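Q: Dropping the sequence and predicted coords here.
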Amino acid sequence: MNGFKNITVAELLAMLPQDGLKLIDVRTDAEIAHGKIPQGDALPLHLLPLRLSELSKSAPTVFYCQMGGRSAQAAAFAAGNGFVDVYNLQGGITAWAHAGQPVA
């Protein structure tokens, strides 16, 4: 058990209205400059170990990246550090855009 759940774009859309939900973009600043999910907050993967304490361990937290690989690493890291409600967006922002969702 990796401690997190992979979710689809449709599942993320259903979760977005939740109070306290954190959507974390773990891509690089250069990647984010090409667009991001509007509700997302940037926290590059390489900074996650340094800044994980800035996030609430009890808040639902969804990680995403370009395709879902790095965000799965981030989700596993968060879950391994006591986060209890952790998700990985399968397919990342690529799946989000292919589903016709807005990119800011």
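A: Arrived safely.
Q: now the strands for this protein?
A: All strands of the chain, identified by DSSP state E, fall at 5-7, 22-25, 41-42, 61-64, 86-89.
Q: Pick the most deeply packed of those strands.
A: For the strands of the chain, the largest average neighbour count (mean count of other C-beta atoms under 10 Å) is found in strand 61-64, namely a mean of 28. To be clear about C-beta, it is placed using only N, CA and C from the backbone, and glycine gets the same treatment.
Q: residues making contact with that strand?
A: 7, 12, 15, 21-26, 37, 40, 55, 71-72, 74-75, 78, 83, 85-89, 92-93, 96 (C-beta atoms under 8 Å, 6 or more residues apart in numbering).
Q: could you redo the last one with a cut-off of 7 Å?
A: With C-beta atoms under 7 Å, 6 or more residues apart in numbering as the test, strand 61-64 has contacts from 7, 12, 15, 21-26, 37, 40, 55, 71, 74-75, 78, 83, 85-89, 92-93.
Q: Kindly report the same for stretch 96-104.
A: Val9, Gly35, Lys36, Ile37, Pro38, Ile93.
Q: Pick out the residue closest to the middle of this structure.
A: Taking C-alpha atoms, centre = their mean, the centroid of the chain lies closest to Phe63, which sits 1.4 Å from it.
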